[in-house]
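>>> give me a 3D structure for the following:
(chains A and B)
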2 protein chains.
Amino acid sequence: MSNEHAIGFMDSGVGGLTVVKQARKQLPRETIYFIGDQARLPYGPRPSEQVRTFSWQLANFLLKKHIKLLVIACNTATAAALPDLRANLPIPVIGVIAPGSRAAIKASKQHHIGVIATEGTIRSNAYRDAILTQDPNEQVLSKACPKFVPLVESNEYHSTVAKRVVAETLQSFKQSGIDTLVMGCTHYPLLRPLIQNVMGSGVTLIDSGAETVNDVSAMLDYLDIANTSATKRYPDEYYTTGSAKQFETIAKDWLELPDFKSQHVDLGSE
Amino acid sequence: MSNEHAIGFMDSGVGGLTVVKQARKQLPRETIYFIGDQARLPYGPRPSEQVRTFSWQLANFLLKKHIKLLVIACNTATAAALPDLRANLPIPVIGVIAPGSRAAIKASKQHHIGVIATEGTIRSNAYRDAILTQDPNEQVLSKACPKFVPLVESNEYHSTVAKRVVAETLQSFKQSGIDTLVMGCTHYPLLRPLIQNVMGSGVTLIDSGAETVNDVSAMLDYLDIANTSATKRYPDEYYTTGSAKQFETIAKDWLELPDFKSQHVDLGSE
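Numbering: from 1, shown residues only, chains lettered A, B, ... in the order given. Model prediction:
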């Protein structure tokens, strides 16, 4: 494994692209291999044992491509599989929950933090545990938002339907007194303008995935595995277990890459 | 070594307290052992070989106290000694230059970054190298500010003299077109209001030391060595090789701890 090898990113779908977007900005020399498991999303309602199994399949797909570091760019998969993958993979593994929790503690002035995420992530209590372990003085209010991922994946995140769903879902949160809201699912930043609009400008939104890129960069520095060549040796590669066409539509918009290309892959045949 | 053991912080003087201040906020459960080498500051004008020797003495003092992680809370010492300490110590070692560089790249919109630091740090080119290695598109303008550390250490950082010195030193920088300025010395955040006033509100100031606490937190999470007990097992300890009284005067003001106490230590007798 050389320092020129890729960083692997895995997600249930397009949400992980919010992490990729930040990585492309902050780490322009690093090659990105991404896989989204569109065929089996959403992960949120699934039992954690099943999410763990899927996570291993995604990780193994990327490992065969000789990645030097793995980012679990999915909160549900981080909650279900991070300790297991970290303990058993031969490369560093970074999840999105610790960086998001840390950024929330840093941002909150009133020590009152909201967390929105999938059912699986909320059920795991991973955010609450991570925040309170670091700072027992925080008050944490959590809410599962099962309708958000399907809105994003069906490319409706700019729609009036999305606007209504976000407003309804976050209604009860508005008067809660939180000053910081963790978008604890990597799909949610695509809904960011709608979420900010409902919560008001007084609430700081935390993009867990974007925060995670700081950890990735810190780990590359610490382990001395950053790419120091003038250019990328390997081009980026994007895979989806679902429809490449649908994946590309959202990726082109979100990453602002008109020439974005992806490949369909069938994990069952791996 | 248990997870309840302290994090060690070392600096030439009081500058490292800017890192400690952020650590106390972000990592309230972690015990802090700090040593400042006031007897031999400033480090900036010294040959790097000598700074390396002093750094080893400070590190060994903290290591004997069973720290679980070492933060070189000094840019000059990071530039001179980080690779050596990291390669040879049995615990993780974190410096302030990589986190500061990373935050500057993230903050700069015009890709035009200024760096102010001691002569030793500027001479090492450590910031320029770290920034350009990560993103070759950045333009970096550096300036040594040898008068700043003595101003802070003599407790004159609120004075009109400080105001004049900062204005004169940064004069040539003002029209340079930078949009982000790295305070590449942990002493400089004590001069932050004066620096911001000279540079104007359009320039984002980066506090390398404060940014470093994110890396510390990421490393504690990654290595699973964060303190998860409800409280600190060991109280914080602060040491200086110089006058405890003078050190305490600044520390009380900066950390907002009226009861702050420190101990004098003579490294020569260790």
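>>> contacts and neighbour counts: CA atoms only from here.
Noted.
>>> centre of the chain to the strand or helix carrying residue A:53, how far?
Assigned by DSSP states H and E, residue A:53 belongs to helix A:48-63. For helix A:48-63, the distance between its averaged C-alpha position and the chain's averaged C-alpha position is 15 Å (CA atoms, centre = their mean, to the nearest Å).
>>> in that helix, which residues are buried?
By neighbour count with 16 or more other CA atoms under 10 Å in any protein chain shown, helix A:48-63 contains the buried residues A:48, A:51-52, A:54-59, A:61-63.
>>> and what of stretch A:116-124?
Along stretch A:116-124, the positions that meet the burial threshold by neighbour count (16+ other CA under 10 Å) are A:116-123.
>>> just how off-centre is that stretch within its chain?
Centroid separation for stretch A:116-124 versus its chain: 13 Å, with CA atoms, centre = their mean.
>>> which other residues reach it?
A:43-48, A:75-76, A:79-80, A:127, A:142-146, A:181-185 (CA atoms under 8 Å, 6 or more residues apart in numbering or on different chains).
>>> for PyMOL, what selects the buried ones among the residues you listed?
This is the PyMOL syntax for the buried subset of the contacts of stretch A:116-124, where burial follows 16+ other CA under 10 Å:
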select buried, chain A and resi 43+44+48+75+76+79+80+127+142+143+144+145+146+181+182+183+184+185
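>>> enumerate the residues of the stretch 1-150 of chain A near chain B.
For the stretch 1-150 of chain A, the contact set with chain B under CA under 8 Å from any CA of the partner chain comprises A:25-29, A:94, A:98-99, A:102, A:105-106, A:133-136.
>>> the residue lying closest to residue A:12 once chain neighbours are set aside and chain B, how far apart?
Once flanking residues are discounted, residue A:12 sits nearest to residue A:37: 4.4 Å by CA to CA, 6 or more residues apart in numbering or on different chains. Separation of residue A:37 from chain B (CA to the nearest CA, to the nearest Å): 26 Å.
>>> give me the buried entries from the residues of the stretch 1-150 of chain A next to chain B.
The neighbour-count criterion (16+ other CA under 10 Å) marks A:26-29, A:94, A:98-99, A:102, A:105-106, A:133-136 among the residues of the stretch 1-150 of chain A next to chain B as buried.
>>> and those, which two are the farthest apart?
Checked with CA to CA, these reach their widest spread between A:29 and A:136, with 38.6 Å between them.
>>> what are the phi and psi angles of the residue sitting furthest away from the middle of chain A?
Of all residues in chain A, the one whose C-alpha sits farthest from the chain's mean C-alpha position, using CA atoms, centre = their mean, is residue A:230 at 28.1 Å. In this entry, residue A:230 is assigned phi and psi values of phi -60, psi -30 (degrees, to the nearest 10).
>>> then residue A:35?
When read as degrees, to the nearest 10, the backbone of residue A:35 gives phi -130, psi 130.
>>> ok, it - contacts?
The contact partners of residue A:35, by CA under 8 Å, 6+ apart, come to A:9-11, A:13, A:58, A:62, A:238-241.
>>> mind running it again at 7 Å?
When the contact criterion is CA atoms under 7 Å, 6 or more residues apart in numbering or on different chains, the partners of residue A:35 are A:9-11, A:238-240.
>>> most neighbours among the residues you listed, please name it.
Top of the contacts of residue A:35 by neighbour number is residue A:11, holding 30 neighbours under the definition other CA atoms under 10 Å in any protein chain shown.
>>> okay, and the nearest residue to residue A:49 once chain neighbours are set aside sits in which element?
Of all residues not flanking residue A:49 in the chain, residue A:80 sits nearest, at 7.3 Å (CA to CA, 6+ apart). Secondary-structure element containing residue A:80, defined by DSSP H and E: helix A:75-88.
>>> cool, residue A:157 as well?
Short version: residue A:157 belongs to no helix or strand, going by DSSP H and E.
>>> from memory it sits against residue A:191, does it?
Yes - when contacts are counted by CA atoms under 7 Å, residue A:157 is listed as touching residue A:191 (6.0 Å).
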